[in-house]
Every structure is written in C-alpha cells, then in structure tokens.
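Colleague: predicted model and sequence follow; I will ask about them next.
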Amino acid sequence: EVQLVESGGGLVQPGGSLRLSCAASGFTFSSDWMHWVRQAPGKGLVWVSRINGDGSMTNYADSVKGRVTISRDNAKNTVYLQMNSLRAEDTAVYYCARDPGGSSGWFYFDSWGQGTLVTVSS
Amino acid sequence: DIQMTQSPSSVSASVGDRVTITCRASQHINTWLVWYQQKPGKAPKLLLAGSTLQSGVPSRFSGGGSGTDFTLTISSLQPEDFATYYCQQAHILPLTFGGGTKVEI
C-alpha cells in the first residue's frame, strides 16, 4: 500500500523559511515523479512543484519560483520542499503526491499524503 | 497557463439523482484530463484519468470529453458521494485545476 506522510508545517513569520518533508513507502520511490500541491483554507487545489525520479529535473509554479526548492533523497524515500521568503499568501495545506504517469505524458496524482498546514503570519 | 473552468460551482442533489459536472479548458488538451473527489479535511482522491476509472472507484462514476469540454457524471448519487470534485489538466505545465464543484444534499 502506498503511503505518503508529510511533516514540517507550522506557523512562520512573513519572510521566514520552512522545510517540508514527505516520507514515502509502499512503492519504488526512485521510479516516480513526485509533486507538491497546496490548498489555501477554503480554496481550491494549486500545483506547486515536481521532481523526477532521480532528482535531475524539477519544475515550479511561477508563484513560488525562486523562493521554493524541491529535492529528494531516494535512500530515505523522502521528498522535500524548502520554502523561503514566505508570504501570507503561501498559507495553505501542502500535500505531496505521487505521479504514476512515468513517461506516458500524463501528469497526475494517484496517491496523496494527509497534508501539512503552513501558516504564514506575524 | 491553461485555465480550467468548472460548472456549476455547487449543485444540490438527492440520493439517486444523476449529476453531471462540466470542466472546460482554455486550450485544447486532447483527453489529458483527470478528476478527483475531496471530502472535508481529507486529501483528494483520484477518480478517473481520461475515461479510465481508477481501481476501487464505483462504476456509477464516468468521465468523457476531449479537446476543451469534459464531463464527470455520477449516474446514481450515493450518500458517500457528497463531496467536492475537481478536474485537472494533466499534460501541460503548470498543471492546473478547476475551481471545484461542491455536491451538496
């Protein structure tokens, strides 16, 4: 069974930093693209970033580009999201998600973590 | 960016009703469209990728469409189907979601 468990969320002041982690199990972690998706309170889903299986390719939403870095440690089956220069509008539940599409051209999410809440406020 | 527009934003329905949700893409996306269900306080759950039902998803859910116009249909609404549904275009970065459709009693 695929399991994704996020951690690292919390309250941070504007301009601060936070590193989110997502521990994965139940599948061959190093084979799959992994993503972060966020959801502001009461709002819809927004894609944030993705990383390929070996960590050599990454992509970001424009809203976080330059402030956020996605990375992974395949030895630890963990994907990370380093978030810097945080703003109030970054307040959201952050989900990590597995992408089963491989090289098919499909980019979507068949497994999600429970989410971790990031609150940016003074 | 490809804009995804869902309608309606909310729908009131009863158990046993047939419910159809529409998703429109601002650009042609072939059949690169997936649907998720989200219940309050929970992570989204994948329902369909294209017209392919995911394992464990009841057959009362179906999806169709191509190009720019897509539909999710629930043929006979069950109590556990009351939730918010999102579409997502699954091919062009940045990946984008519709605004959601809340199915209410």
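Modeller: Thanks, I have it. Numbers count the residues shown, from 1 in each chain, chains lettered A, B, ... in the order given.
Colleague: residues of chain B that sit close to chain A?
Modeller: Residues of chain B lying close to chain A by CB under 8 Å from any CB of the partner chain are B:32, B:34, B:36, B:38, B:43-46, B:49, B:54, B:86, B:88, B:90-91, B:93-100. (Glycine included, C-beta is placed from N, CA and C.)
Colleague: of these, which belong to helices?
Modeller: Residues of the residues of chain B next to chain A located in helices (DSSP state H): none.
Colleague: if any of these are buried, give me the ChimeraX selection for them.
Modeller: Filtering the residues of chain B next to chain A down to the buried ones (16 or more other CB atoms under 10 Å in any protein chain shown) takes a single ChimeraX command:
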select /B:32,34,36,38,43,44,45,46,49,54,86,88,90,91,94,95,96,97,98,99,100
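Colleague: so what's the residue nearest in space to the middle of chain B up against?
Modeller: Geometric centre of chain B, nearest residue: residue B:35, 3.9 Å, by CA atoms, centre = their mean. Residue B:35 is in contact with B:23, B:46, B:47, B:48, B:61, B:63, B:72, B:85, B:86, B:87, B:88, counting by CB atoms under 8 Å, 6 or more residues apart in numbering or on different chains.
Colleague: show me the contacts for the first one.
Modeller: Pointing back at residue B:23 there. Contacts of residue B:23 by CB under 8 Å, 6+ apart are B:4, B:5, B:6, B:33, B:35, B:65, B:69, B:70, B:71, B:72, B:87, B:98.
Colleague: that one bridge partners, please.
Modeller: residue B:6, residue B:70 (DSSP bridges).
Colleague: partner strands of the least confident helix or strand in chain B by mean pLDDT and their direction?
Modeller: Every helix and strand in chain B was compared by mean pLDDT, DSSP states H and E; the lowest is strand B:52-53, with a mean of 94. Next to strand B:52-53 in the sheet, as set by DSSP bridges, lie strand B:45-49 (antiparallel).
Colleague: re earlier: out of the contacts of residue B:23, which end up buried?
Modeller: Looking at these with 16+ other CB under 10 Å, the buried ones turn out to be B:4, B:6, B:33, B:35, B:65, B:70, B:72, B:87, B:98.
Colleague: kindly indicate which of the residues you listed lies nearest chain A.
Modeller: residue B:98 (7.5 Å; CB to the nearest CB).
Colleague: show me where chain B has strands.
Modeller: B:4-7, B:10-12, B:19-25, B:33-38, B:45-49, B:52-53, B:61-66, B:69-74, B:84-89, B:96-97, B:101-104 (DSSP state E).
Colleague: just checking, what packs against the last one?
Modeller: The one in question is strand B:101-104. strand B:10-12, strand B:19-25, strand B:84-89 (3 or more CB pairs under 8 Å, 6 or more residues apart in numbering or on different chains; DSSP states H and E).
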